[in-house]
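Asks: Whatever this is, show me its structure:
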Amino acid sequence: MKRALIATAAAATGIAVLLAGCSPLTEVISMQDHAVPACGRPDGVVLIVGAHRDAPAPASLDPGVACLVGAAIKDGKPVILVDPSGQPGVVTPRLMSVDGGTLAQQDSPRVAQDVQRVNEAIADLRPESPGVDDLAALAVAADAAQSAGLPHADLILLDSGLNDRGALDFTVPGMVAAVPSEVASQLRATGNEPDLRGFTVLLVGIGFTSPPQAPLAAKWRGNVTQIWAAVVAYGGAKVEVIPQPAEGPSVRTSEPVKLIPVPADQPVRPTLRAPIVFTGESPVRFEPNSTAFVDPAAAARALAPIAKWLAADRSRHALLAGTTADVGPMAGQVALSRLRADRVRAELVALGALPGQISVSGVGSDFPGFIPDRNASGTLLAGPAVLNRSVRITLRS
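Replies: Predicted coordinates:
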């Protein structure tokens, strides 16, 4: 059965009880005779809550999110809960009518009964299909909000954001390190961009995982968050990011979720057996269309063992070949790849190698090992593109 939960504002109190416990939401709801807090007056709230493998089970709400939910309840606005399983959808629990009652009254027997029903529904929430597709869930959330007459609702994604299927599939090698604008452009060009015009989307706790999924380093959590922010902005929504840490085990379910490949920063060991390749998911990665390192300190640490190996014997040599994705004319690709190889050469010299020990070339996207990075329609594929952007170092003694 497809999973999402649509409840009245009164039933949304149950969401607070389950997810927030004794959170700031409780305080917000209890302020019956006071002004709504500074979080404003949302036109309804949609919570997309990750309840699947490899992501921490839903825990307490961020205070800002709790404030929004409380404000919606106080104004009698609907609150919608969406479960982003591999096939997200909408299902309505059997709730008693609260029409004619005061929604903010926590002691209402009818509200209390519905709170219990919602608590039970959320506690029982499990994916009934394999995988995770937060992008599809976001589209379902937007459709549900529109259907409920909430064209300006706040859509709140409370999940890792690490889809294992669909149009935004992070199992594709390179996707975790992909350029955010290229991901958003790929979705737009392939007709998979969600229509989020009029909505505000809050991204909460993106990139946090639970075993057996390997954790993401802070830089990759940040990049995945930026990818989602770009996708949401391209879809026409206002974006807010709440980097709430999440931890702990995932919910118990038999539905599998594919593991997401996470770039690993392994120490470099100079070798003559094969080229040492620094791609766009390595520490030696560059800003888009630039020769500037994303993290100069990390690049220096990664290149230091090679510089030390060269400095130990002046007869040793390094051949540096820059490569690019298939973006723009070949002449421009070759020029950029050469400049990036020159930048790595300069760093090796700064670290102790001699200029005469290093040869540099740029080959653009014409090299052995190139990964096709365009689909049949010519759209750039963000994951493969980041792997094709590299500096390849061949050592000779």
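
Asks: From I206, how far off is the residue positioned nearest the centre of the chain?
Replies: Nearest residue to the geometric centre of the chain (Cα atoms, centre = their mean): V224, 3.4 Å. Remark: distance between V224 and I206 (Cβ to Cβ, to the nearest Å) = 6 Å. C-beta: built from backbone N, CA, C; applies to glycine.

Asks: who touches both of the two?
Replies: Taking Cβ atoms under 8 Å, 6 or more residues apart in numbering as the criterion, V224 and I206 both touch G161.

Asks: residues of the longest helix seen in the chain that come out buried?
Replies: Taking DSSP state H as the assignment, the helix of the chain that covers the most residues is helix 330-350. Residues 333-338, 340-345, 347-349 are the ones in helix 330-350 that count as buried (16 or more other Cβ atoms under 10 Å).

Asks: ok now it, how far from the chain's centre?
Replies: 30 Å (Cα atoms, centre = their mean, to the nearest Å).

Asks: Quick one: distance of stretch 196-213 to the chain centre.
Replies: From the chain centre to the centre of stretch 196-213 is a distance of 6 Å (Cα atoms, centre = their mean).

Asks: Could you look up the SS state of the residue of the chain most remote from its centre?
Replies: Distance from the centre of the chain peaks at S315, with 46.3 Å (Cα atoms, centre = their mean). Here S315 is coil, with the state taken from DSSP: H, G, I helix; E, B strand; the rest coil.

Asks: Tell me how many other residues crowd the residue nearest to it when sequence neighbours are not counted.
Replies: Of all residues not flanking S315 in the chain, S397 sits nearest, at 7.1 Å (Cβ to Cβ, 6 or more residues apart in numbering). The number of residues packed near S397 is 9, by other Cβ atoms under 10 Å.

Asks: which secondary structure element contains the closest residue to L168 other than its chain neighbours?
Replies: Closest residue to L168 apart from its sequence neighbours, by Cβ to Cβ, 6+ apart: L135 at 4.4 Å. Assigned by DSSP states H and E, L135 belongs to helix 134-147.

Asks: What of A304?
Replies: Assigned by DSSP H and E, A304 falls in helix 296-311.

Asks: same check, this time on G70
Replies: Here G70 is assigned to helix 63-74, by DSSP H and E.

Asks: and which of the buried residues of helix 330-350 is nearest R285?
Replies: Nearest to R285 among the buried residues of helix 330-350: R340, at 9.8 Å, using Cβ to Cβ.

Asks: which stretches of the chain have low pLDDT?
Replies: 1-38, 60, 73, 90-124 (pLDDT under 70).

Asks: all strands for it, in order.
Replies: 4-7, 45-49, 79-82, 154-158, 200-204, 238-242, 276-278, 317-323, 358-364, 390-396 (DSSP state E).

Asks: relative to helix 134-147, how tilted is the second one?
Replies: With axes from the mean of the first three to the mean of the last three Cα atoms, to 10 degrees as the criterion, the two stretches strand 45-49 and helix 134-147 enclose an angle of 160 degrees.

Asks: Could I get the buried residue list for strand 45-49?
Replies: V45, V46, L47, I48, V49.

Asks: Surely the second one and A145 touch.
Replies: In other words, V46. Yes: counting by Cβ atoms under 8 Å, V46 touches A145, with 5.4 Å between them.

Asks: what is in contact with these two at once?
Replies: Taking Cβ under 8 Å, 6+ apart as the criterion, V46 and A145 both touch I80, A153, L155.

Asks: Near the last one, how many other residues are there?
Replies: When neighbours are defined as other Cβ under 10 Å, L155 has 27 of them.

Asks: Let me see the contact set for it.
Replies: V46, I48, L138, A141, A142, A145, L196, F199, T200, V201, L202, A237.

Asks: same thing but 10 Å
Replies: Shown in contact with L155 (Cβ atoms under 10 Å, 6 or more residues apart in numbering): 44-48, 80, 82, 137-138, 141-142, 144-145, 194, 196, 199-203, 232, 237.

Asks: For Q266, the count of nearby residues, please.
Replies: 9.

Asks: Could you do G64 as well?
Replies: Count around G64 with other Cβ under 10 Å applied: 17.

Asks: looking at it, it is touching L158, isn't it?
Replies: No: look at G64 against L158 with Cβ atoms under 10 Å: they stay out of range, at 11.9 Å.

Asks: Since that was my last question, I'll sign off now.
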